[in-house]
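Participant: Just to be clear, the model below is a prediction. Sequence and coordinates:
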Amino acid sequence: MKLNIDYENFIFEDINKNNIDELYSLLSCYNKFNNKFPSKTTFFKNFVYEDYLDYLVIKSNKTRIYHGICNLIDINYIDRYVYINVFLKDLSKKDSSSVIYKYIDYLFNIYPIRKVYYEVYLHEIEIATYLKKLGFNIEVKYKNYQYYNQKYYTKYLLTLNRRDFYGEK
């Protein structure tokens, strides 16, 4: 894999009370399919601390501006895989690829996993393009998976194996 990855421009930090407003704002705009997005207090108490296992904030190392969130939705230690989400805003394609690459590298080094799963809806198809460049493959396509705003959206399940990510044989 030959990508121009810049590890120095972005840092990951744990979620805390100082960045909850930014996180809430970012996630509530991404969660447009859910009409009942929780209040900020409920979000912080339940959603972040109970529903998600590993939640990291993406921040610019130079400007300290928040650019997104990475989270581990599920981990299966027996079959050795994880489901992830990465929410990004106001980043170039190169920077988005760098952030996603850095997060996946982090996961493969911290957890005993062999595979990463990432769900992408058709309206997020540009994200799928980034993921394919990182080595992700479309494993499942759910046509007309979700109805929103008088339109059906297709969902894709993309996967990436450790071997493919690191170019191992």
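Facilitator: Sure thing, it's come through. Keep in mind it's a predicted model, so treat the numbers as computed, not measured.
Participant: all helices for this structure, in order.
Facilitator: Shown for the chain, the helices assigned by DSSP state H span residues 20-30, 40-42, 93-110, 125-133, 162-166.
Participant: Out of these, name the one with the poorest average pLDDT.
Facilitator: The minimum mean pLDDT among those belongs to helix 40-42 (a mean of 62).
Participant: any low-confidence regions in this structure?
Facilitator: Low-confidence segments of the chain, defined by pLDDT under 70: 1-7, 16-20, 22-54, 93, 121-125.
Participant: Which parts of it are strands?
Facilitator: All strands of the chain, identified by DSSP state E, fall at 10-14, 54-60, 66-76, 81-88, 115-121, 137-148, 151-161.
Participant: Rebuild these as TSV, extending it with mean neighbour count and distance to residue 108.
Facilitator: Every C-beta, even on glycine, is put in place using the N, C-alpha and C of the backbone. Shown next, in TSV, are the strands of the chain (neighbours: other Cβ atoms under 10 Å; distance: least, Cβ to Cβ, whole Å):
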stretch	mean neighbour count	distance to residue 108
strand 10-14	14	14
strand 54-60	19	13
strand 66-76	19	12
strand 81-88	18	9
strand 115-121	20	8
strand 137-148	12	16
strand 151-161	17	9
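Participant: I'd like these laid out as CSV, including distance to residue 100.
Facilitator: Listed next are those as CSV, based on distance: least, Cβ to Cβ, whole Å:
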stretch, distance to residue 100
strand 10-14, 10
strand 54-60, 10
strand 66-76, 8
strand 81-88, 6
strand 115-121, 9
strand 137-148, 15
strand 151-161, 10
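Participant: Next, the contact list for residue 136, please.
Facilitator: By Cβ atoms under 8 Å, 6 or more residues apart in numbering, the contact set of residue 136 is 116, 118, 128, 158, 159, 160.
Participant: One more pass at 10 Å, please.
Facilitator: 100, 104, 116-118, 120, 127-130, 156-161, 164-165 (Cβ atoms under 10 Å, 6 or more residues apart in numbering).
Participant: distance of residue 162 from residue 77?
Facilitator: Distance, residue 162 to residue 77, by Cβ to Cβ, to the nearest Å: 15 Å.
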